[in-house]
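Colleague: Sequence unavailable; structure follows:
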């Protein structure tokens, strides 16, 4: 992917934000081009250059990601309602698109699959979905491999603390506005860390006017169902709605709602194991279910410690009360 000019990227990201917020609506190329102030031809070209996909494929991918999270996480929600939430006018059209995309039906996912449970991944990837497109999109590891890797990387003391006595809270979080720098690619990519460091250099300047500003990473895609190179992550700095000092830096909101939270001190790169624990082991033993809002982290630096070696991370995983 070539580097877009700063203004072009800013304008395309405005259209991407609109897509994220309106998957339940009909979305047309003309409207997206108007939002970003490009002709339809130039918008299409620049959109693909930035995201790696043409607009139609990008929208379908996000709708299918939302569908599988709702089908597997909200068991009480009927398929017809999920179809509407994902922007499909008829259930039959939704079911055909879903089956073509994943190689299995919505009802199979609804009855057999749990998006928050690695044990289901490990069992079903070799059985129900062995020959389906869904297997190709899965990017998860088995529970036993997760345990071995996690213990080796974070050490016995922290591993036992997380597994045996996790201090997990559930809290209502009000909506947050943040300015962002968006990364396209794997969440483990070194360029993501470099982009975060570069973006966070703004924070001291922002804190002069707004001392409560904090550093965030907002994960806009689920790597279990999204190829690594297409994942998106926002490096964000929280700010008031009326803050508009940086004209070519995008602003977005994190939706209010219920979140499971866990605060830990650990190296930045180990965050993925905590998400894995929260979804695979904690959530399935509670009265909560997975929600389709993005997960995010809040970072608080430790004096004299590089982010890559040790940082205070508060994890926010969106949940809702199981119906």
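Modeller: Okay, I see it. Because the structure is predicted, anything quoted here is derived from the model rather than measured.
Colleague: I'd assumed residue 70 was in contact with residue 77.
Modeller: Yes: contact criterion C-beta atoms under 8 Å: residue 77 and residue 70 qualify, at 6.1 Å. (Each C-beta comes from the backbone N, C-alpha and C, glycine too.)
Colleague: These two: who's more crowded?
Modeller: Remark: of residue 77 and residue 70, residue 70 carries more neighbours, 25 against 15, as counted by other C-beta atoms under 10 Å.
Colleague: Pretty sure the more buried one sits in a helix.
Modeller: Yes: under DSSP: H, G, I helix; E, B strand; the rest coil, residue 70 sits within a helix.
Colleague: Compute the number of surrounding residues for residue 37.
Modeller: By other C-beta under 10 Å, neighbour count at residue 37 equals 12.
Colleague: all strands of the stretch 51-200 of the chain, in order?
Modeller: Applying DSSP state E, counting those that start in this stretch to the stretch 51-200 of the chain gives strands spanning 169-173, 176-184.
Colleague: can you list the residues that contact the longest one?
Modeller: Looking back up the chat, that one is strand 176-184. Under the criterion C-beta atoms under 8 Å, 6 or more residues apart in numbering, residues 1, 13, 16, 50-52, 189, 191-192, 195-196, 198-199, 202, 216, 218, 229-241, 243, 246, 249-254 lie in contact with strand 176-184.
Colleague: Can you select the buried ones among those residues for me in PyMOL?
Modeller: Buried members of the contacts of strand 176-184, defined by 16 or more other C-beta atoms under 10 Å, are picked up in PyMOL with:
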select buried, resi 13+16+50+51+189+192+195+196+199+202+216+218+230+231+232+233+234+235+236+237+238+239+243+249+250+251+252+254
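Colleague: can you list the strands of the stretch 51-200 of the chain in a markdown table and add distance to residue 210, mean neighbour count and mean pLDDT?
Modeller: Formatted as a markdown table, the strands of the stretch 51-200 of the chain follow (distance: least, C-beta to C-beta, whole Å; neighbours: other C-beta atoms under 10 Å; pLDDT from 0 to 100):
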| stretch | distance to residue 210 | mean neighbour count | mean pLDDT |
| --- | --- | --- | --- |
| strand 169-173 | 18 | 12 | 95 |
| strand 176-184 | 11 | 20 | 95 |
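Colleague: right, and these - which one's nearest residue 316?
Modeller: strand 169-173 (6.7 Å; C-beta to C-beta).
Colleague: Adjacent strands (with direction) for that closest one?
Modeller: Sheet pairing for strand 169-173, assigned by DSSP bridges, gives strand 257-266 (antiparallel).
Colleague: tell me which residues in the partner strand are buried?
Modeller: For strand 257-266, the neighbour count (16+ other C-beta under 10 Å) marks 258, 259, 260, 261, 262, 264, 266 as buried.
Colleague: check contacts around the third one.
Modeller: For residue 260, the residues meeting the contact criterion (C-beta under 8 Å, 6+ apart) are 168, 169, 170, 278, 282, 283, 288, 315, 316, 317, 319.
Colleague: and the angle for whatever helix or strand the last one lives in with strand 257-266?
Modeller: Right, the one you point to is residue 319. Here residue 319, judged by DSSP states H and E, is contained in strand 311-321. Comparing the axes of strand 311-321 and strand 257-266 via axes from the mean of the first three to the mean of the last three C-alpha atoms, to 10 degrees yields an angle of 150 degrees.
Colleague: Could you pull out the buried residues of strand 311-321?
Modeller: 311, 313, 314, 315, 316, 317, 318, 319.
Colleague: Helices of this structure, start to end?
Modeller: 6-21, 29-36, 40-51, 55-73, 79-85, 91-102, 106-112, 118-124, 133-137, 143-154, 156-164, 190-200, 203-209, 271-277 (DSSP state H).
Colleague: between those, which has the poorest average model confidence?
Modeller: Sorting the helices of the chain by mean pLDDT places helix 118-124 lowest, at a mean of 63.
Colleague: what is the closest residue to residue 246 other than its chain neighbours paired to in the beta sheet?
Modeller: Leaving aside its chain neighbours, residue 246 sits nearest to residue 179 (6.3 Å; criterion: C-beta to C-beta, 6 or more residues apart in numbering). Note on residue 179: beta-bridge partners by DSSP bridges are residue 237, residue 251.
Colleague: Now do residue 179 against residue 295, distance only.
Modeller: In this structure, residue 179 and residue 295 are 19 Å apart, going by C-beta to C-beta, to the nearest Å.
Colleague: Same check on residue 89?
Modeller: In terms of C-beta to C-beta, residue 89 sits 30 Å off from residue 295.
Colleague: Check residue 288 too.
Modeller: For residue 288 relative to residue 295 (C-beta to C-beta), the value is 14 Å.
Colleague: roughly how far apart are the residue lying closest to residue 105 once chain neighbours are set aside and residue 50?
Modeller: Closest residue to residue 105 apart from its sequence neighbours, by C-beta to C-beta, 6+ apart: residue 99 at 5.3 Å. Distance from residue 99 to residue 50, counting by C-beta to C-beta: 29 Å.
Colleague: same deal with residue 291?
Modeller: From residue 291 to residue 50 the distance is 27 Å (C-beta to C-beta).
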